[in-house]
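In: With the input below, show me the fold.
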Amino acid sequence: MNLLAELRKRNVFRVLAAYLVGSWLVMQVIGFVANAAELPDWIDSFVLIVVLLGLPIVGIAAWALELSPDGVKSTGSTDDTPVRPFGLVDGVLSAAVVIIVSLFAWQQFAGPASVQVAADERISGQSIAVLPFVAISEAPEDIILGDGLAEEMLNVLAQFPDLSVAGRTSSFSFRDQQEDIPAIGEALGVSHVLEGSVRRSGEQVRVTAQLIRVTDGFHIWSGNYDRPFSDILEVQDEIVRRIAQVLTIRLGVSSNVERGAAPATNARAYEQYLRGRVMWAERHDDANRSGAIVAFQTAVDIDPDFAGAWAALARAVLYSGPPDGYSLSEHLQRGRDAADRALGIDPNNAEAMVALAYWNMNGNRNWQAAQEWVERALAIAPNAAFTHYQAAMLYEVLGDLDHMTAALRRAMALDPLNLTIRDNAIDRYLAAGQFGEARRLAVGAQFPRLWRIREAADIAWFMRDADAFETAITEFRQFAADPANGLDAPLPSQLANSAAFVAAFRGDAATVLEKMPTIMDAAEQYEIDPMTPAYLHYFLADYETAARQFYTLVQRGEYNPADSTFVTAITEIDTGLRCQPDYHAIWEMPGMPELTEIRRANGASGNLPLSGPECDEWLGEDVAE
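Out: Purely as a prediction, here's the structure:
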């Protein structure tokens, strides 16, 4: 008996083909119903398993049974039954099977090209990216509204412990690009994307939002909201609530906070707050940085009970230099006061906690309090990239290399296209002596040319490589000289500064000292880093002068010691500096003895003050003792 012929006589192929086509149609209907009814994700897998288990049962039944005018009965001998010719029904079923198999294979194996991100820098598990909401009118006010709404939703979703949220910079990098959702999801390493639009007409606003699954572009949820602009915060909260419900039911994602009713916030204050958010995101421009602070201050002036605006003001102030007329201590206190106001209104405001962590690092030097505030912020918003980055900066000062590295990797995973975070991560690795990791990050990032020049200069600076540093500076001067790049020509003091470092790396003290008056004036005017003279003397092995200049800056309240590579270094620094009395004096200032003990416990004592016989070479026996 020819098996294939027997299978055709008994219609097994036809039955199996019909079963596959019918099963596929049923699965499509169930998938649609499951999404519409927000059923759990395992429903699709369960149906597929049932279909696969049913396949051999249907095949056996088709072999043993046949459909006759008298009903279903056992199939008898088919020896006298001719093989059925390949007919129209067989052709249609065969074509349908081929199409279904092709579609299934395409869904499983085809996909967009991915952006190369290291495995340990990618988001894993349930994840989402929030794209900027499109302003239908393209009016500047609506663009700000759309961006601000998206960022606020991103910040709230970052409080879901089981949900990884792509950072703002990475998500917003796809603005005005014609990438499809699967390509965006692959680039950001997320499983879902939230997109939407805003349209404002007079005092009315329309907001639309769609939650999309990356794998197949399916719209899991969508909503439209037509409300008075005064209800914009309520609309935002309602969208977040709806998304939370969808994610909880379908993905098992839960929030670690109970969301009550949207706080009553003045709509005009909220608009200023959103404006500040957008400007702060572009703070590399000094006008935007100062403009953000003004917008946040305006928001709290309009609505003194607006916790979010107080928190944003605190962070913006603390992460910016003091304006004219403010001392560093006054400026830091202003930021601290704003953070306290925010937490007085909303005790669970993670951004205010991050601001207080920064203040305790830089204004109060209370390292335990700084760590407690960071940990509280991470507990509330475990998937906020900036919080992890702040934690990395703290751990660097504490000399905790393992926790610093983990925090940096998490920050980069959450915001993989954020070049600012990556740039600062490179600096952290350089200061820790991790030159290989710093180079890997610099090569792997798609930095614009100006950023690449700066990274090359930073690496050369930390490695004291005169030739590489000089090459980077020459390339920068050529870049700045091209009007198309829109850069101002370097100041004479900045050119003198660069030339002095090249000379210092080569041990050319005469050239450095020749340029030192210009450099000192520039440092006092903050045209360059005020620590520049101290660093230059350090590289020339003039440790006494370096320590004296460092101590003077800190003593006058013009410089925070935790901002210096001398204090944050996890690797060893030159013994000559560590032996200087003025360097010892810095580590005896309030908060610094406690930092000494913390760093020693973390095995990062290579920059701590030294005394005893090993200092004889630098101080003489009488001073060393």
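In: what about residue 52, distance to residue 499?
Out: 73 Å (C-beta to C-beta, to the nearest Å). Backbone N, C-alpha and C define where each C-beta goes, glycine included.
In: More neighbours: those two, which one.
Out: residue 499 (18 against 10; other C-beta atoms under 10 Å).
In: Just the C-alphas of the helix or strand that one falls within, formatted as CSV.
Out: Using DSSP states H and E, residue 499 maps to helix 492-505. Provided in CSV are the C-alpha atoms of helix 492-505 (Å, rounded to 0.1, in the frame of the first residue of the first chain):
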residue,chain,number,x,y,z
PRO,A,492,42.4,83.4,24.2
SER,A,493,42.3,82.1,27.8
GLN,A,494,40.8,78.8,26.6
LEU,A,495,43.6,78.4,24.0
ALA,A,496,46.2,79.2,26.6
ASN,A,497,44.6,76.6,28.9
SER,A,498,44.8,73.9,26.3
ALA,A,499,48.4,74.7,25.4
ALA,A,500,49.3,74.7,29.0
PHE,A,501,48.0,71.2,29.6
VAL,A,502,49.9,69.9,26.5
ALA,A,503,53.1,71.5,28.0
ALA,A,504,52.4,70.1,31.4
PHE,A,505,52.0,66.6,30.1
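In: That one packs against which elements?
Out: Packed against helix 492-505 by the contact rule (3 or more C-beta pairs under 8 Å, 6 or more residues apart in numbering; DSSP states H and E) you find helix 466-481, helix 509-524, helix 532-539.
In: Sketch out the low-pLDDT regions of the chain for me.
Out: For the chain, the stretches flagged by pLDDT under 70 are 1-13, 31-45, 62-93, 97, 100-125, 249-264, 324-325, 444-445, 620-625.
In: Which residue ranges make up the domains of it?
Out: Residue ranges for the domains of the chain, per automatic domain parsing: 3-109, 123-262.
In: Toward the C-terminus, what is the element adjacent to the helix or strand containing residue 596?
Out: Residue 596 belongs to helix 592-601 when assigned by DSSP H and E. Proceeding N to C from helix 592-601, the next assigned helix or strand is helix 616-619, under DSSP H and E.
In: Show me how far that following helix is from its chain's centre.
Out: On the basis of C-alpha atoms, centre = their mean, to the nearest Å, helix 616-619 sits 47 Å off its chain's mean C-alpha point.
In: all strands for the stretch 151-300 of the chain, in order.
Out: 164-165, 192-201, 204-213, 219-228 (DSSP state E, counting those that start in this stretch).
In: Pairing partners for the third one, with directions?
Out: Note on strand 204-213: by DSSP bridges, its sheet partners are strand 192-201 (antiparallel), strand 219-228 (antiparallel).
In: Tell me which of the ones you listed sits nearest to residue 509.
Out: strand 192-201 (57.9 Å; C-beta to C-beta).
In: Residues touching the closest one, excluding its own?
Out: Residues outside strand 192-201 that contact it (C-beta atoms under 8 Å, 6 or more residues apart in numbering) are 126-131, 133-137, 139, 141-142, 145-146, 149-150, 153, 181, 184-185, 205-214, 220, 229, 239, 243, 247.
In: cool, and stretch 474-486?
Out: Under the contact criterion C-beta under 8 Å, 6+ apart, stretch 474-486 has outside partners 449-450, 453-454, 456-457, 487-490, 495.
In: how about 10 Å then?
Out: 448-450, 452-454, 456-457, 487-490, 494-495, 498 (C-beta atoms under 10 Å, 6 or more residues apart in numbering).
In: how about the helices in the stretch 101-250 of the chain?
Out: Using DSSP state H, counting those that start in this stretch, the helices of the stretch 101-250 of the chain run over residues 140-157, 168-172, 181-188, 232-251.
In: Reformat those as TSV; add distance to residue 374 and mean neighbour count.
Out: Shown next, in TSV, are those (distance: least, C-beta to C-beta, whole Å; neighbours: other C-beta atoms under 10 Å):
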stretch	distance to residue 374	mean neighbour count
helix 140-157	17	22
helix 168-172	20	23
helix 181-188	25	22
helix 232-251	25	19
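In: okay, the ones you listed in CSV with distance to residue 317 next?
Out: Output for those, formatted as CSV (distance: least, C-beta to C-beta, whole Å):
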stretch, distance to residue 317
helix 140-157, 19
helix 168-172, 20
helix 181-188, 31
helix 232-251, 24
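In: And those: which comes nearest residue 531?
Out: Nearest of the helices of the stretch 101-250 of the chain to residue 531, taken as C-beta to C-beta: helix 168-172 at 28.3 Å.
In: Which residues does that closest one contact?
Out: Contacts for helix 168-172 (C-beta under 10 Å, 6+ apart): 115, 117, 123, 128-132, 147, 150-151, 154-155, 165-166, 184, 187-190, 193-195, 277-278, 281, 384-386, 412, 414-422.
In: Apply 7 Å and report the result again.
Out: Here helix 168-172 makes contact (C-beta atoms under 7 Å, 6 or more residues apart in numbering) with 129-132, 151, 154, 188, 281, 415-418.
In: Over to stretch 385-405?
Out: Under the contact criterion C-beta under 7 Å, 6+ apart, stretch 385-405 has outside partners 167, 350, 354, 357-358, 361, 367, 370-371, 374, 377-378, 381, 407-408, 410-411, 414-415, 418, 421, 428, 431-432, 562, 568, 570, 598-599, 602, 604.
In: Of those residues, which belong to helices?
Out: Within those, residues falling in helices by DSSP state H are 350, 354, 357-358, 361, 367, 370-371, 374, 377-378, 407-408, 410-411, 414, 421, 428, 431, 568, 598-599.
In: Apart from its chain neighbours, what residue comes closest to the residue nearest to the spatial centre of the chain?
Out: The chain has residue 415 as the residue nearest its centroid, 2.3 Å off, counting by C-alpha atoms, centre = their mean. Leaving aside its sequence neighbours, residue 415 sits nearest to residue 167 (C-beta to C-beta, 6 or more residues apart in numbering; 2.6 Å).
In: about what we covered before: next, the buried residues of the helix holding residue 499.
Out: Residues 493-494, 496-505 are the ones in helix 492-505 that count as buried (16 or more other C-beta atoms under 10 Å).
In: So what's the gap between that helix and the chain middle?
Out: Taking the mean of its C-alpha atoms, helix 492-505 sits 34 Å from the chain's own mean (C-alpha atoms, centre = their mean).
In: how big is the angle separating it from helix 466-481?
Out: Interaxial angle, helix 492-505 versus helix 466-481 (axes from the mean of the first three to the mean of the last three C-alpha atoms, to 10 degrees): 160 degrees.
In: Please find the angle between the direction vectors of helix 492-505 and helix 532-539.
Out: 10 degrees.
In: related to what we said a few turns ago, just the buried members of the contacts of stretch 474-486?
Out: Applying 16+ other C-beta under 10 Å to the contacts of stretch 474-486, the neighbour count classes 452-454, 456-457, 490, 494, 498 as buried.
In: Take these and write them to CSV, including secondary structure and distance to residue 60.
Out: As requested, these are arranged in CSV below (DSSP: H, G, I helix; E, B strand; the rest coil; distance: C-beta to C-beta, whole Å):
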residue, secondary structure, distance to residue 60
452, helix, 66
453, helix, 71
454, helix, 70
456, helix, 70
457, helix, 73
490, coil, 82
494, helix, 83
498, helix, 82
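In: Taking the residues you listed together, which two end up most distant?
Out: Checking the buried ones among the contacts of stretch 474-486 with C-beta to C-beta, the most distant pair is 452 and 494, at 19.0 Å.
In: contacting residues around residue 515?
Out: Residue 515 neighbours (C-beta under 7 Å, 6+ apart): 496, 499-500.
In: what about residue 344, neighbour count?
Out: Neighbour count for residue 344, taken as other C-beta under 10 Å: 13.
In: got the buried residues for stretch 265-278?
Out: Buried residues in stretch 265-278 (16+ other C-beta under 10 Å): 265-267, 269-278.
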